[in-house]
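[1] Sequence plus the predicted model coming up.
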Amino acid sequence: MAGEDGSVRVDSWIWSVRLTKTRSAAAAACKAGHVRVNGDRVKPAQALRVGDEVRVRLAGRDRIVVVKRLLRKRVGAPVAVECYADHSPPPPPRELAAPVARRARGAGRPTKRDRRELERLRGRAEGLGGG
C-alpha cells in the first residue's frame, strides 16, 4: 500500500488520497498547470516524496497539502486523510457564491421576453442573435 522509502508519481498520489475522482483528472490537472510541488509546476510523472508541499487548484479552490505518507493505490477516505496534512484555506461560505437561476417546475421553456430579461440581468449586449 505505501512506498515509504521511495517516491510516487504526483498524479497517482493525488488520486490515491482522493483529491481528484480519477487518475486521468489528476494527470489533466498537472498538464494544465494546476498542480505545484514545492512551488514548481509539475508534469504527471513528477516524483513525489514525503515532506513535499502539493498545491492543487480544483473547482476554483486551492488545496494545499503536505505529504506525510506515500501511496500507490487508492485507499478509503479515513486512511487517505492520514496521508497528508491539510493547510488549505477554508472554502468560502455558500452565501457568497453566485446563486443559480431556477425556473418554477412545469413553467416550460422561457419565452423570448424571459430570455431578454435574463440577458439584461446577466449584462449581455442586446441585439445578439439575429432574431
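    It's in. Computed from a predicted structure; not experimentally measured.

[2] I figured residue 45 was touching residue 11, is that so?
    Yes. Counting by CB atoms under 8 Å, residue 45 touches residue 11, with 7.5 Å between them. For the C-beta atoms, the positions are set from N, CA and C on the backbone; glycine is no exception.

[3] more crowded one of the two?
    The neighbour comparison of residue 45 against residue 11 (other CB atoms under 10 Å) goes to residue 11, with 25 against 11.

[4] give me the element the more buried one is part of.
    Using DSSP states H and E, residue 11 sits in helix 10-16.

[5] Give the buried residues for the biggest helix by length in the chain.
    Longest helix of the chain, by residue count under DSSP state H: helix 112-122. Neighbour counts over helix 112-122 (16 or more other CB atoms under 10 Å) mark no residue as buried.

[6] Repeat that for stretch 64-83.
    Neighbour counts using 16+ other CB under 10 Å place 65, 67, 69, 70, 71, 75, 79, 80, 83 of stretch 64-83 among the buried residues.

[7] How about stretch 28-40?
    Quick answer for stretch 28-40 (16+ other CB under 10 Å): 29, 30, 35, 36, 37.

[8] now swap in stretch 44-63 and tell me
    Going by neighbour count (16+ other CB under 10 Å), the buried part of stretch 44-63 is 44, 46, 48, 50, 52, 54, 55, 56, 58, 63.

[9] Output these in CSV, with secondary structure appended to each entry.
    Below are the buried residues of stretch 44-63 laid out as CSV (DSSP: H, G, I helix; E, B strand; the rest coil):
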residue, secondary structure
44, coil
46, coil
48, strand
50, coil
52, coil
54, strand
55, strand
56, strand
58, strand
63, strand
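
[10] now, among those residues, which is nearest to residue 23?
    Within those, the smallest distance to residue 23 is 8.8 Å, found for residue 44 (CB to CB).

[11] surely that closest one meets residue 14?
    No. Contact criterion CB under 8 Å: residue 44 and residue 14 do not qualify, at 9.2 Å.

[12] Give me the common contacts of those two.
    Listed as contacting both residue 44 and residue 14 by CB atoms under 8 Å, 6 or more residues apart in numbering are residue 26.
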